[in-house]
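Undergrad: Below are the sequence and a predicted model; questions follow.
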Amino acid sequence: MMKQYQVYSINDADQFDANDYLTITDEVAFILKQTAGMLPAYKEDIIVSYLKDHAIKNTWITANPLLAKLVSSNVLPTADIEALFDASRNNQTFRTQFEAFLKNKLQATVSS
């Protein structure tokens, strides 16, 4: 049975605020837990790029093949993150803020 995900409606003037998207925060926490022991090379780039566009650069795959395989295997709960990226395609400011939030959360674990 597939998990249902939220359907988001992002308007042109909307700004990203993590407090408005608690399911996103939950998904990020789970991703962090599942990837904690993996190499940090391109970690945030691989995760964000795949969830945003379903694309991972070959350089990143070569540097961190286990993470690339995990992210692209669709076993991580990412439906809400992907849905929010999809819903914000026409609001570049929102997408940029959302992407910065994700990268910040993912980098925090790499440097700690």
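TA: Thanks, I have the structure now. Numbering: from 1, shown residues only.
Undergrad: give the contact list for the residue nearest in space to the middle of the chain.
TA: Geometric centre of the chain, nearest residue: Val48, 4.2 Å, by C-alpha atoms, centre = their mean. Val48 makes contact with 99, 102-103, 106, according to C-beta atoms under 8 Å, 6 or more residues apart in numbering. Every residue, glycine included, has its C-beta placed from N, CA and C.
Undergrad: Please narrow those to those residing in helices.
TA: With DSSP state H as the criterion, helices contain 99, 102-103, 106 from among those.
Undergrad: The helix or strand harbouring Asp26 packs against which elements?
TA: Assigned by DSSP states H and E, Asp26 belongs to helix 22-35. The helices and strands touching helix 22-35, judged by 3 or more C-beta pairs under 8 Å, 6 or more residues apart in numbering; DSSP states H and E, are helix 43-53, helix 65-72, helix 79-87, helix 92-111.
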